[in-house]
Every structure is written in C-alpha cells, then in structure tokens.
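Engineer: just to be clear, the model below is a prediction. Sequence and coordinates:
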Amino acid sequence: MPTDTNENDFKLSVLDLATIYNNESVTQTLQNSTELAQLADKLGYTRYWFAEHHNTKHQISTSPDLLAAHAAALTENIRIGSGGVMLPNHSPLKVVENFSLLEGLHPGRIDLGMGRAPGTDGMTALALRRSREAVNSDQSGELLNELLAYFTGDFPDDHPFATITPTPDRSLRPELFMLGSSDGGMKIASQLGLGYAFAAQINPDWAVPVLQNYRKQFQPSAFMAEPYSILSIVVVCSETDEEAAYYAGPAELQWVRWGTGQFHFAPPTLEEAAAHKYTQEEEMVRQQNKGRFIIGSADTVKEQILQLKEDTQIDELMVLDMISDKEARHKSFSLLADAFQLTNN
C-alpha cells in the first residue's frame, strides 16, 4: 500500500472512546457514537474504531467487539473494528471467535486492532483476569502468538490447542493491526508483518521515528504483504481557526487535567473550558500538549495533516474524537471530508 499518492487519496478514519459529555446518559452517548459512525460512513471515512477502557466514570467503551457489531450493522461501507482489544484482558480464542464472526457477518469490513496494555488500573485488571500472576507478568507476546496461530492454523503439531477450530472457515479473518505509543508495538508489528497504528495523542514526540522505523523494518507475512501505518491524533476542525480553538477548549483542558493528576473531573463543557483560568503549571502542561492536537480551519488542518503524513510516511490518519459539542463534532468531520474530497475517492 504505497504512501506516494495524491493528497486527495489520503485516507481518514475515526477513533471513538465513547466519552460521556455534558452529563449525557450512557444511552445518549452510545447513540452519539452510532450517529457519528453513520456520518463517517456517509462521508467516505475508511474505518471507525472503538477503544477498550475499563473502570472509567466518563467512558463507556468497555467492549469494542460489541460496539463494532452494533456499528457495522448500521453502516454500509466503512470498516469497523477495535482500537483496540487489550490482549491481556482476553482469551485469544474468544477474540478470534468474536472477530471471525463479525467478519462473517460483514465480509471485508472488520478490523482487529490489538494492544498490549490492560487499559485500566491494577485492581480492575485483576477483576478481568482473575489471576495475580497474570496481572504481574507480561504475557502479551504469548497471547498474540496464540491469537495469530488460531487465524492461520500454524500451531505446532504437539501444541495442546492445535486441534481447536475457532471457526469453520479460516478465511473469516479481519485486518490485523498492532497498536502502540512507543517502539514496542512497532517492533512486534514490523517483525510479524502486521499493520501498525501509533497513538500520537499519547506520545507525539515519538511519532516520526517510530513510524519511519516501522516502514523500514517491516517484514512481509501471511497477514500483510506491505507495511501499512496509521497515526491517531486529536483533530478539531471548524470554519475558522478561532472557532476551532473554542471547540477544542474542552479537550485541551481535559488533557491538562490528566497531565496534572486531576482525574476526578468530568469532561469539561464548552462554557467551563472557555471560563477556565489556567494556573502557571497548567499553562506549561497545555503548551507541552500542543503536539497531541491539530486544531484550525479546514485549510489549516489539512496543511498540518499533510505535513505529518510526509514526516511519518503514514498511509492513513485516524481522528480521535474529543469534541464535546455534537453539532461541532459533526461539522468538524464534514469539513475534513470535504478538504480531502473523501466522497470522491
């Protein structure tokens, strides 16, 4: 999958945390995700992924496979998947069964993005895994190898799971991606020949070297013949740079609070963010966070995205949705689609 395409062939996608904004109900939050997935489908976005987080008061993205099943059933063309399934929390067999089933229901439209972190705190990880030994040891490599072997049938003959059939049809395989925010996931993705998605919203300073090295080190596999990389980042697009800065206010404040240990707050409203007076410490963190965001008018945002594409050699940019206002959220994705002429691809 080459990277030297025309700028209007560049792919855009969506990453959804199913965040509860403005004191909305869980039901309304899930409806918001459904509507955004349908809008992204209509606008020509490539894929829509749901994250996995646990024990959070303001996010409901606990089960990306269930959310993907719902979204895939209510969309037509867009790829749907996980960004990602946190492997330490799950049986590899069950993950393969679930995503093979999704691929059977929606052929050619399912992605399995996989992460190596628990996506939660230690006690919740224990509740999920039921074993302190599992929580305290890094089994992600073993879990991943087992999962891939279920898809390919390449277990050694003497492996205890070699006779297990996760699906009657081995062709029911989603596209596979490793997630990461450092070089650990990148090394795994490049060595095993998987797609790679880098979370620039978490570690923007590592984006360029890690993504460049993924492409250099990639080894073809039965899963992917050529490297394919995605970068995720928060994008807020509006009619003007000033308007975009206003709608980005809640996301900026939320990241500042996370960066200063203020985890108890609900996601800020537009009014709260506009009225907030940053302390000296908070302002310093706010400036340090600039690399997590692309904010501005369609022209401003497009220019920055294309520069990021050139620097990182990515094939696709995935927009992390952190816009608290529903109308502004839909407007942002529509403006981006128009800027890159997604519906004409």
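Structural biologist: Happy to help now that I have it.
Engineer: so which residue is smack in the middle of the chain?
Structural biologist: For the chain, the residue nearest the mean C-alpha position is Gly83 (3.8 Å; CA atoms, centre = their mean).
Engineer: contacts for whichever helix or strand it is part of?
Structural biologist: Following DSSP states H and E, one finds Gly83 within strand 79-86. Outside strand 79-86, the residues that touch it by CB atoms under 8 Å, 6 or more residues apart in numbering are 13, 15, 37, 46-52, 64-65, 68, 71-72, 95, 99, 102, 106, 109-119, 174-175, 177, 179, 197, 232, 318. In this view, the C-beta of every residue, glycine as well, is placed from N, C-alpha and C.
Engineer: please name the bridge partners of Arg47.
Structural biologist: On the basis of DSSP bridges, Arg47 takes part in beta bridges with Arg79.
Engineer: three-state assignment of the residue nearest to Ile80 when sequence neighbours are not counted?
Structural biologist: Excluding its sequence neighbours, the residue lying closest to Ile80 (CB to CB, 6 or more residues apart in numbering) is Ala72, at 4.2 Å. Remark: Ala72 carries the secondary structure label helix [criterion: DSSP: H, G, I helix; E, B strand; the rest coil].
Engineer: what's the distance between the residue nearest to the centre of the chain and Ala222?
Structural biologist: Between Gly83 and Ala222 the distance, using CB to CB, to the nearest Å, works out to 23 Å.
Engineer: same question for Pro64.
Structural biologist: Separation of Pro64 from Ala222 (CB to CB) stands at 24 Å.
Engineer: ditto for Asn55
Structural biologist: For Asn55 relative to Ala222 (CB to CB), the value is 36 Å.
Engineer: Gln201 now?
Structural biologist: Between Gln201 and Ala222 the distance is 31 Å, computed by CB to CB.
Engineer: for Leu147, what are its contacts?
Structural biologist: Applying CB under 8 Å, 6+ apart as the definition, the contact partners of Leu147 turn out to be Leu87, Pro92, Val95, Val96, Met114.
Engineer: for those, give me JSON lines that also has pLDDT.
Structural biologist: As requested, the contacts of Leu147 are exported to JSON lines (pLDDT from 0 to 100):
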{"residue": "Leu87", "pLDDT": "93"}
{"residue": "Pro92", "pLDDT": "95"}
{"residue": "Val95", "pLDDT": "97"}
{"residue": "Val96", "pLDDT": "97"}
{"residue": "Met114", "pLDDT": "97"}
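Engineer: save those residues as TSV, and put in distance to Leu148 and secondary structure too.
Structural biologist: Formatted as TSV, the contacts of Leu147 follow (distance: CB to CB, whole Å; DSSP: H, G, I helix; E, B strand; the rest coil):
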residue	distance to Leu148	secondary structure
Leu87	11	helix
Pro92	9	helix
Val95	11	helix
Val96	9	helix
Met114	10	strand
